[in-house]
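Quick one, fold the following:
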Amino acid sequence: MIEKARHRLERRVCEAEAALIASGLDAEIHAAADRFLGVELGSAALRERDFGILFSAAARLPESYRSLAHQMLAASARGETRMYDHADNHAFAERMRKMGLDLAPWLEGDSRRAAEFSDGSRVQLEIEHDPARVMMMGAPFGTYLSPDGMNFHIAVLNAAGANKAVVYARDGRGSVVGRCLLALTERGEILTYHRYTHGNRAEFEIMISTYVTELAARMGAGVAAGGRVADLVMRGWYDDGPVDIGGLLDFLKADSEFMSSVAKIPAGQLRAEIERRLDPHELSPTLIPSVVEAMPEDRRPEIVYAFAEELLLCDDLDTRFNLLASKLLRSNGNVATSRRIMDRLMCRRHAQRAWGWWWRSKIAEELVAVGEPSLALRTLRAGPYGRPRDWDDDERRIAASAYEALRRPAQAKRMLGNPASQ
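Here you go, the predicted model:
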């Protein structure tokens with residue numbers, strides 16, 4: 001409840017600031033631009049790129065992200081392209097070029113393509129190269145990446161990293177009617193993420209699939225359903241999982257012939273059958289999470305056993321999948337391997353900085369389940385609401401179970417009591 005109230009308040013603050021800027025009362029924003037960016041901005045440019053809203057959002061970020069956001073805004077004000085001048089970006093670009101990729105369409109070239117919805121409305125799809133407009137990627141659809149959202153820092157990282165790209169679909173008036181995040185893996189393959197639109201969703205998904213396929217062909221890149229996306233410029237980036245636009249994993253859809261018969265396949269033959277379905281592609285470590293996540297937990301939880309050792313050797317698994325793998329292994333009695341997965345997750349300090357309160361609760365709950373109650377309490381306390389009096393009912397319940405596991409019943413009882421007294 002407190003979190004929702006905070007989000008509503010921040011949203012109203014941003015709306016009020018935007019109204020002030022629109023009415024011409026932007027003197028303070030001009031002063032901030034001069035102080036932080038070292039450039040002078042005309043009122044038209046200020047409003048066009050939503051600099052006021054972005055300045056306000058940057059002010060609420062931790063210092064390192066705030067500094068990066070200011071640099072992105074300065075680059076935008078100077079008319080620079082999305083290729084942020086940083087050693088990580090230059091090294092990444094060099095790696096891609098050595099693989100034979102042409103990065104011009106991705107970083108600076110003309111990537112515009114026309115498309116049309118069935119109702120006759122036409123749009124232009126293209127990669128956005130203005131850092132400020134990239135940072136506004138969450139605003140048109142009210143996602144957590146909005147300037148007033150809890151994950152706005154991810155939008156800043158998307159603007160800074162040369163391996164990320166945001167595709168906007170704009171109508172004839174220049175309004176954003178669709179958006180999609182893309183990423184280049186370390187293998188030179190394009191990943192496609194959730195596709196947002198105010199138009200026909202199914203049609204927009206086809207538009208993006210066509211766009212990405214053509215873009216990959218121009219770049220000499222592959223199109224993948226998974227892969228490692230490096231942290232560039234600053235750590236803390238994470239995603240909500242790519243989508244498979246190439247149809248490689250169609251056999252894992254809920255209504256497919258394979259999924260309808262998967263319960264009948266002997267456990268020892270399951271991996272071989274999946275490899276046969278993927279042929280001629282290999283069952284690479286980047287595809288394992290997609291395969292495991294597609295399996296109904298109540299029907300084939302043992303699927304994770306076939307990949308347990310590979311999962312432990314793969315350092316690039318995201319938080320969501322580490323939790324899933326741990327739960328599946330634990331549900332089949334392999335608590336030791338679950339604990340190893342969770343211990344590895346807790347060693348990834350850069351990932352921990354990106355965890356919001358929701359992730360911390362889930363992680364803490366799994367840590368209790370694998371026998372790490374002290375780590376669970378530490379995880380809860382390290383969150384944005386570190387004091388027990390600020391925890392919600394779920395967090396207090398998890399903390400109580402951690403204290404019970406530590407044989408501290410008095411503290412457990414206190415957790416389930418009146419939070420105002422804690």
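
contacting residues around the residue nearest in space to the middle of the chain?
The geometric centre of the chain, computed from its C-alpha atoms, lies nearest to Asp239 (C-alpha atoms, centre = their mean), at 1.9 Å. For Asp239, the residues meeting the contact criterion (C-beta atoms under 8 Å, 6 or more residues apart in numbering) are Leu181, Ala183, Tyr193, Val229, Asp318. C-beta coordinates here come from the backbone N, C-alpha and C atoms, glycine included.

repeat that with 7 Å
The neighbours of Asp239, taking C-beta atoms under 7 Å, 6 or more residues apart in numbering as the test, are Tyr193.

and it, helix, strand or coil?
Three states are possible here, and by DSSP: H, G, I helix; E, B strand; the rest coil the one that applies to Asp239 is coil.

how about it, phi and psi?
Here the main-chain torsion angles of Asp239 (degrees, to the nearest 10) amount to phi -140, psi 170.

measure it to Ile208 for me?
The gap separating Asp239 from Ile208 is 16 Å, by C-beta to C-beta, to the nearest Å.

Please apply the same query to Arg60.
Applying C-beta to C-beta to Arg60 and Ile208 gives a distance of 31 Å.

of those two, who's got more company?
Summary of the neighbour comparison: Arg60 and Ile208, criterion other C-beta atoms under 10 Å, with Ile208 having more neighbours (24 against 15).

Return the residues in contact with that one.
Contact criterion C-beta under 7 Å, 6+ apart gives Val167, Cys180, Thr192, Arg195 as the residues in contact with Ile208.

can we see that at 8 Å?
By C-beta under 8 Å, 6+ apart, Ile208 lies in contact with Leu125, Val167, Gly178, Cys180, Thr192, Arg195, Ile245.

Please, where are all the helices along the stretch 51-200 of the chain?
Counting by DSSP state H, counting those that start in this stretch, the stretch 51-200 of the chain has helices at residues 51-59, 63-77, 87-98, 104-107, 131-135, 152-160.

Mind listing what's buried along the third one?
What it means is helix 87-98. Of the residues in helix 87-98, those with enough neighbours to count as buried (16 or more other C-beta atoms under 10 Å) are Asp88, Asn89, Phe92, Ala93, Met96.

For it, C-alpha coordinates in PDB please.
This file holds the C-alpha atoms of helix 87-98, laid out as PDB (Å, rounded to 0.1, in the frame of the first residue of the first chain):
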ATOM      1  CA  ALA A  87      35.200   2.100 -23.200                       C
ATOM      2  CA  ASP A  88      32.600  -0.600 -22.700                       C
ATOM      3  CA  ASN A  89      30.600   0.500 -25.700                       C
ATOM      4  CA  HIS A  90      33.700   0.800 -27.900                       C
ATOM      5  CA  ALA A  91      34.900  -2.700 -26.900                       C
ATOM      6  CA  PHE A  92      31.500  -4.200 -27.600                       C
ATOM      7  CA  ALA A  93      31.300  -2.500 -31.000                       C
ATOM      8  CA  GLU A  94      34.800  -3.900 -31.800                       C
ATOM      9  CA  ARG A  95      33.700  -7.400 -30.800                       C
ATOM     10  CA  MET A  96      30.700  -7.300 -33.000                       C
ATOM     11  CA  ARG A  97      32.700  -5.900 -36.000                       C
ATOM     12  CA  LYS A  98      35.200  -8.800 -35.600                       C
END
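
residues making contact with that helix?
83, 103, 107, 160-163, 184, 186, 188, 230, 232-233.

Confidence-wise, which of these comes last?
Taking pLDDT as the measure, the contacts of helix 87-98 have their low point at Met83 (66).

For this protein, name the helix or strand with the lowest mean pLDDT.
helix 43-48 (a mean of 46; mean pLDDT, DSSP states H and E).

following the host helix or strand of Arg320, which helix or strand comes up?
With secondary structure defined by DSSP states H and E, Arg320 is part of helix 319-331. Sequence-wise, the next helix or strand downstream of helix 319-331 (DSSP H and E) is helix 335-346.

Show me which residues of that following helix are buried.
With burial defined by 16+ other C-beta under 10 Å, the residues of helix 335-346 counted as buried are Thr337, Ser338, Arg339, Arg340, Ile341, Met342, Arg344, Leu345, Met346.

Over to stretch 227-234?
For stretch 227-234, a neighbour-count test (16+ other C-beta under 10 Å) marks Gly227, Arg228, Val229, Ala230, Asp231, Leu232, Val233, Met234 as buried.

Among these, which lie within strands?
The strands in this structure, assigned by DSSP state E, contain none of the buried residues of stretch 227-234.

Using a markdown table, please lay out these together with distance to Asp171.
Formatted as a markdown table, these follow (distance: C-beta to C-beta, whole Å):
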| residue | distance to Asp171 |
| --- | --- |
| Gly227 | 32 |
| Arg228 | 35 |
| Val229 | 30 |
| Ala230 | 34 |
| Asp231 | 34 |
| Leu232 | 32 |
| Val233 | 32 |
| Met234 | 34 |
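
and which of these is nearest His153?
Minimum distance to His153 across the buried residues of stretch 227-234 is 8.9 Å, recorded for Met234 (C-beta to C-beta).

my guess is the closest one meets Ser67, correct?
No. No contact is recorded between Met234 and Ser67 when judged using C-beta atoms under 8 Å, the distance being 9.5 Å.

what about the residue lying closest to Leu324 once chain neighbours are set aside, how many neighbours?
Distances taken as C-beta to C-beta, 6 or more residues apart in numbering put Glu293 closest to Leu324, at 6.2 Å, once the chain neighbours are dropped. By other C-beta under 10 Å, 16 other residues sit near Glu293.

Give the helix, strand or coil label for Glu293.
Applying three-state DSSP to Glu293 yields a three-state assignment of helix.

That one contacts Ala325, doesn't it?
No. Using C-beta under 8 Å, Glu293 is not in contact with Ala325; the gap is 9.5 Å.
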